[in-house]
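Sequence first, predicted model second:
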Amino acid sequence: MLDRLPELNALLNAAATAALVTGYILIRAGRETAHRRVMLTAFCLSVLFLASYLVHHYHIGGSKPYQGEGLGRTLYRTMLFTHAALAALVPPLAVATIILGWRDRRAAHRRLARLTLPIWLYVSVTGVVIYFVLYVFDR
């Protein structure tokens, strides 16, 4: 079962991406209550991802190495570096954005969400891409 965690991680990242995009669409349409529910769902999916990711990396004793060479390796490492660096920002940004929204500090919530959303989306999408590179294309 632990060998299926990469697939679960990719699924959780993809679901979080879908929730983030849906939440954005909902708030643009003025559907605040639905936006709140969907964004909290995105946060829960990301928390589940993080737990699964940590269990997987503990189980395999680190990270799965990329086997490619040349330009592919350079592109992969660049994506992985930006993904990891920005992933470290997502939890505090997401929590702060949620708290501001929860406290009805709309202007501050909106300002921070304009930073948080693209970073969170990038991390979620590149997480799925990294899965495909390591577990689907690199066999």
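Received the coordinates, thanks. Not measured: the values here are computed from a predicted model.

and the longest helix anywhere in the chain, what does it pack onto?
Among the elements of type helix in the chain, defined by DSSP state H, the one spanning the most residues is helix 32-60. Contacts of helix 32-60 with other secondary structure elements, assessed using 3 or more CB pairs under 8 Å, 6 or more residues apart in numbering; DSSP states H and E, are made with helix 5-28, helix 90-102, helix 106-131. Heads up, the C-betas are built off the backbone N, CA and C, glycines and all.

where's the shortest one relative to the chain centroid, distance-wise?
Distance of helix 90-102 from the chain centroid (CA atoms, centre = their mean, to the nearest Å) equals 14 Å.

Just the residues contacting stretch 120-133, thanks.
For stretch 120-133, contacts defined as CB atoms under 8 Å, 6 or more residues apart in numbering pick out 6-7, 9-10, 13-14, 16-17, 20-21, 42, 46, 49, 66, 76, 79-80, 82-83, 86-87, 90, 93-94.

swap in stretch 69-85?
Counting by CB under 8 Å, 6+ apart, the neighbours of stretch 69-85 from elsewhere in the structure are Y66, G68, Y122, V123, T126, G127, V129, I130, V133.

Go again with 10 Å.
Outside of stretch 69-85, the residues within contact range by CB atoms under 10 Å, 6 or more residues apart in numbering are 63, 66-68, 119, 122-127, 129-130, 133-134, 137-138.

Quick check, central residue of this protein?
Geometric centre of the chain, nearest residue: S124, 2.9 Å, by CA atoms, centre = their mean.
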